[in-house]
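> model the following, please.
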Amino acid sequence: MTTIKIALEWFLNPDHLPMIAGIESGAYEKAGINLEIIQPEEHYDGFEDLKRGAIDIHCNEPLHLFEHHFDGLKSLGCFFETRGGVMIRAERVAKLKANKKIKITTPASNLVTDKIGFEILKRYADKEGFELSPESVEFVETDFWHINNMKNDESFDGAWLCFYNFEGVEAEFEQFDNLFIDQYKSPYPNFSALEFMTTEAIIEEKPEALYKFIEVTNSMAKYLQDNIEDAKEMFYSYSKEEKSELMDKIIEDTIPRFNRDIQSDSKRWLELYKFLEELELVMLNEKEYAKIWEIKG
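Numbers count the residues shown, from 1 in each chain. Below you'll find the predicted structure:
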């Protein structure tokens, strides 16, 4: 039995159902893998843990492959992708279009995330033919409970770092009218996805276990898509979360978004990399970029 430690990007949720199913069904154990799921204290903890060899796999958004790049970082492939972007209260869209000051709740406010969030809004503005200046948008760091934050604080005009399978579904469930500015409404490359990341050292140390992990995770994605009611039961059993109608709807929306053919793909996030380069947020040379996707063995 080989232990594989995987650090999540945030708290456990339905985005992680293929791993949950692999544990609950015994599929990882049958393949000789003891999978340990680790919930981090901070969003980027997994990168430091990977560097020092404390974990074997980290799952996080693909833009962090570039933002937190270090020598030896490798992508095993994308296992989940949704629509993502900025949510604006329906009644505040006119305020946005008038270039008046708007306040955005977000779980992470820093140079990179704020710049990307504004760029998404700016590209939407350009497409719709109105002006938007940087000083008109304020990002305020709170947490991931976007809908609650906006409902409990009328000063928030919108939310940034929204995943449609969560916030979009919750907004519909709560009848919270909004404009969801995603890659279809604003011309930018989507990055609302989760990528499995590891290191060259781990690949050399545990090649067979990593191969088996991906193989089982692929099979679990297929199983979940064919057995949505089982998916719900597995999530509630493993997470110990109380069953709810809203979570059922989130799970139902999430399941079809899992990739059943996870593989390292240098082309998948090339436009995203170019987007980050254009914003002068990331600078990798061609060799550094290519090495992320080179998996030997």
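> now do the contacts for the residue lying closest to residue 258 once chain neighbours are set aside.
Closest residue to residue 258 in three dimensions, ignoring its sequence neighbours and counting by CB to CB, 6 or more residues apart in numbering: residue 221, at 3.9 Å. C-beta coordinates here come from the backbone N, C-alpha and C atoms, glycine included. Taking CB atoms under 8 Å, 6 or more residues apart in numbering as the criterion, residue 221 is in contact with 18, 79, 258, 259, 260.
> report the contact partners of residue 222.
Taking CB under 8 Å, 6+ apart as the criterion, residue 222 is in contact with residue 260.
> how about the one 10 residues further on?
With contact set as CB under 8 Å, 6+ apart, residue 232 has these partners: 243, 248, 251.
> the residue nearest to residue 80 when sequence neighbours are not counted and residue 13: what is the separation?
Nearest residue to residue 80, sequence neighbours excluded (CB to CB, 6+ apart): residue 194, at 4.5 Å. Between residue 194 and residue 13 the distance is 11 Å, computed by CB to CB, to the nearest Å.
> go on, residue 243?
Counting by CB to CB, the gap from residue 243 to residue 13 is 15 Å.
> roughly how far does residue 23 sit from residue 198?
When CB to CB is the yardstick, residue 23 and residue 198 sit 19 Å from each other.
> looking at these two, which is more packed in?
For residue 23 against residue 198, the residue with the higher neighbour count under other CB atoms under 10 Å is residue 198, and the figures read 24 against 18.
> can I assume that one sits in a strand?
Yes. With DSSP: H, G, I helix; E, B strand; the rest coil as the criterion, residue 198 is located in a strand.
> check contacts around residue 19.
6, 35, 37, 217, 220.
> just checking, the residue nearest to residue 80 is part of a strand?
Yes. Counting by three-state DSSP, residue 194 is found in a strand.
> that one: neighbour count?
Neighbouring residues of residue 194 were enumerated by other CB under 10 Å; the total is 22.
> identify the residues contacting it.
Residue 194 sits in contact with 9, 15, 59, 60, 61, 78, 79, 80, 81, where contact means CB under 8 Å, 6+ apart.
> for residue 293, same thing?
74, 75, 264, 265, 266.
> circling back: export the contacts of residue 232 to CSV and tack on secondary structure, pLDDT and distance to residue 55?
Supplementary listing: the contacts of residue 232 in CSV, determined by DSSP: H, G, I helix; E, B strand; the rest coil; pLDDT from 0 to 100; distance: CB to CB, whole Å:
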residue, secondary structure, pLDDT, distance to residue 55
243, coil, 97, 31
248, helix, 98, 31
251, helix, 98, 26
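> show me the shaky parts of the stretch 151-297 of the chain.
For the stretch 151-297 of the chain, residues meeting the criterion pLDDT under 70 lie at 297.
> give me the neighbour count for residue 61.
Using other CB under 10 Å, the number of residues around residue 61 comes to 18.
> dihedrals phi and psi, it?
The main-chain torsion angles of residue 61 are listed as degrees, to the nearest 10 and equal phi -60, psi 150.
> which non-adjacent residue is nearest residue 166?
residue 250 (6.0 Å).
> Three-state assignment for the one you found, please.
With three-state DSSP as the basis, residue 250 sits in helix.
> let me know how buried it is, in neighbour terms.
For residue 250, the number of neighbouring residues by other CB under 10 Å comes to 23.
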